[in-house]
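A.B. asks: Predicted model and sequence follow; I will ask about them next.
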Amino acid sequence: MGSAKIAQVPPDPSEAATADLALRRITRYLSMHADERELRVVVDGDPDESLSLPRSAVELLARVLAHMAAGQGVSVVPAHAELTTQQAADLLNVSRPYLIGLLDTGDIEYRKVGKHRRVRADSLMNYKRKDDQERRAAADELAELDQDLDLY
């Protein structure tokens, strides 16, 4: 397995506006067709030029559009992709030495290729999800303490 190339695609203002409009339409369509596992997309108004897409792909597209509509760059990384420590640190928005510490303590799985560490994207995202949940729980606990102590 080789290392993944991660290229962010930052939208310009007109692309962000187009993404926002598309996001609204896709979100409305998904909510109106909640039971459908496969969605049909007509290209250029020609019914003969239609695509069948898995619902999960359309939901992923909606998440990509949401980031683009907010003016944020987007990267798509396959779950099995192996990242360099710098790429992994960039995705977590932490320093490379901090990431190395997470690897050394076993918080994130990795493997060695020669003397270099490679981090699987799915392992990195699992760590990020767990860390985000812990942060939310801590914030909820602090908010509850604020209310209990009438600090709000």
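C.D. replies: Alright, I've got the coordinates.
A.B. asks: next one: the longest helix seen in the chain to chain centre, how far?
C.D. replies: In the chain, assigned by DSSP state H, the helix with the most residues is helix 121-148. Distance, stretch centre to chain centre, for helix 121-148: 17 Å (C-alpha atoms, centre = their mean, to the nearest Å).
A.B. asks: Who are the packing partners of it?
C.D. replies: Where contact means 3 or more C-beta pairs under 8 Å, 6 or more residues apart in numbering; DSSP states H and E, helix 121-148 is packed against strand 82-83, helix 85-92. For glycine as for every other residue, the C-beta is placed from the backbone atoms N, C-alpha and C.
A.B. asks: How is the chain partitioned into domains?
C.D. replies: Under the assignment automatic domain parsing, the domains of the chain span 13-69, 82-148.
A.B. asks: all helices of this structure, in order?
C.D. replies: Going by DSSP H, the chain shows helices at 13-32, 55-69, 85-92, 96-104, 121-148.
A.B. asks: could those go into a markdown table alongside mean neighbour count and distance to residue 46?
C.D. replies: Compiled in a markdown table, the helices of the chain are given as follows (neighbours: other C-beta atoms under 10 Å; distance: least, C-beta to C-beta, whole Å):
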| stretch | mean neighbour count | distance to residue 46 |
| --- | --- | --- |
| helix 13-32 | 13 | 18 |
| helix 55-69 | 16 | 20 |
| helix 85-92 | 19 | 39 |
| helix 96-104 | 15 | 48 |
| helix 121-148 | 12 | 37 |
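A.B. asks: Now tabulate those helices in a markdown table and tack on mean pLDDT.
C.D. replies: A markdown table is the format used below for the helices of the chain (pLDDT from 0 to 100):
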| stretch | mean pLDDT |
| --- | --- |
| helix 13-32 | 93 |
| helix 55-69 | 93 |
| helix 85-92 | 92 |
| helix 96-104 | 96 |
| helix 121-148 | 89 |
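A.B. asks: between those helices, which gets nearest to residue 44?
C.D. replies: Taking C-beta to C-beta, helix 13-32 is the member of the helices of the chain nearest to residue 44, at 14.9 Å.
A.B. asks: Please state the offset of the closest one from the chain centre?
C.D. replies: Taking mean C-alpha positions (C-alpha atoms, centre = their mean), helix 13-32 and its chain are 18 Å apart.
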